[in-house]
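Enquirer: Okay, structure incoming, though there's no sequence with it:
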């Protein structure tokens with residue numbers, strides 16, 4: 001059986017140090033062929049009609065000149081078979097959904113490990129949609145129904161309790177909730193126990209179902 005050809009990859013990243021890091025990762029990764037590294041949207045757009053079209057493009061969002069989102073909006077028409085992996089420090093709802101609407105197939109934050117970055121290229125090439133955990137939670141939350149009307153009034157939960165409940169229902173860990181409010185995990189556990197009691201539930205799943213009106 002003939003060996004599978006390596007995945008043709010291009011990178012668009014304006015930070016020289018990150019470009020070097022990514023280049024080193026993929027040069028050392030079997031099954032991937034790095035066919036271009038670009039410092040701006042304009043640079044890759046100028047080369048977008050060459051025959052050596054990529055199968056995967058890693059794209060930063062904050063670029064000098066045109067943004068990465070604007071860039072993939074143009075490139076996906078020139079390279080309709082390419083998969084686009086956003087690679088950025090930004091994970092706001094606005095940017096995540098703007099990137100997905102523009103044609104991004106995955107969304108990875110820059111705190112991802114080199115192994116995760118390489119794995120994501122293989123995943124996206126095989127039809128997956130790799131996303132950092134916090135980004136995936138934002139996407140899931142976006143498609144969930146709004147909290148049940150009147151829940152706060154019915155249970156007597158405070159605004160702070162509702163904020164804790166929202167994070168809990170959306171999958172946040174105790175430590176993440178504690179960090180968000182600047183308290184200890186023990187304090188969070190006490191708050192959640194009180195919330196469960198007021199809601200007449202016994203675990204996270206029951207609390208989430210009631211929060212989302214299911």
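Expert: Ah, there it is. No experiment lies behind these values; they were computed from the predicted model shown. Numbers count the residues shown, from 1 in each chain.
Enquirer: contacting residues around the residue nearest in space to the middle of the chain?
Expert: Taking C-alpha atoms, centre = their mean, the centroid of the chain lies closest to residue 135, which sits 3.4 Å from it. If a contact means C-beta atoms under 8 Å, 6 or more residues apart in numbering, then residue 135 has 91, 96, 107, 108, 109 as its contacts. (Glycine included, C-beta is placed from N, CA and C.)
Enquirer: try it again with 7 Å
Expert: Applying C-beta atoms under 7 Å, 6 or more residues apart in numbering, one finds that residue 135 lies in contact with 91, 96, 107, 109.
Enquirer: Specify the beta-bridge partners of the residue nearest to it when sequence neighbours are not counted.
Expert: Distance criterion C-beta to C-beta, 6 or more residues apart in numbering; nearest residue to residue 135, sequence neighbours excluded, is residue 107 at 4.8 Å. Going by DSSP bridges, residue 107 is paired in beta bridges with residue 86, residue 131.
Enquirer: Just list the residues touching residue 199, thanks.
Expert: With C-beta under 7 Å, 6+ apart, residue 199 has these contacts: 155, 207, 210.
Enquirer: Go through the host helix or strand of the residue nearest to the centre of the chain and flag the buried ones.
Expert: Assigned by DSSP states H and E, residue 135 falls within helix 133-143. Neighbour counts over helix 133-143 (16 or more other C-beta atoms under 10 Å) mark 135, 137, 138 as buried.
Enquirer: about what we covered before: what two of the contacts of residue 135 have the greatest distance between them?
Expert: Using C-beta to C-beta, the two most remote members of these are 96 and 109, lying 10.4 Å apart.
Enquirer: And the residue nearest to the centre of the chain, how close does it get to residue 180?
Expert: Per C-beta to C-beta, to the nearest Å, residue 135 is found 17 Å from residue 180.
Enquirer: Need the contacts of residue 199 in TSV (columns: secondary structure).
Expert: Formatted as TSV, the contacts of residue 199 follow (DSSP: H, G, I helix; E, B strand; the rest coil):
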residue	secondary structure
155	helix
207	helix
210	helix
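Enquirer: Make TSV out of the residues you listed and add pLDDT, neighbour count and distance to residue 23.
Expert: Below are the contacts of residue 199 laid out as TSV (pLDDT from 0 to 100; neighbours: other C-beta atoms under 10 Å; distance: C-beta to C-beta, whole Å):
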residue	pLDDT	neighbour count	distance to residue 23
155	87	18	54
207	89	18	46
210	85	19	50
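Enquirer: Could I get the contacting residues of residue 27?
Expert: Residue 27 neighbours (C-beta under 7 Å, 6+ apart): residue 34.
Enquirer: Residue 76 against residue 105, yeah?
Expert: No - with contact defined as C-beta atoms under 7 Å, residue 76 does not reach residue 105; the gap is 9.6 Å.
Enquirer: Residue 96 and residue 109 - which one has more neighbours?
Expert: residue 96 (24 against 17; other C-beta atoms under 10 Å).
Enquirer: Tell me the secondary structure at the more buried one.
Expert: helix.
Enquirer: check contacts around it.
Expert: Residue 96 touches 107, 135, 138, 139, counting by C-beta under 7 Å, 6+ apart.
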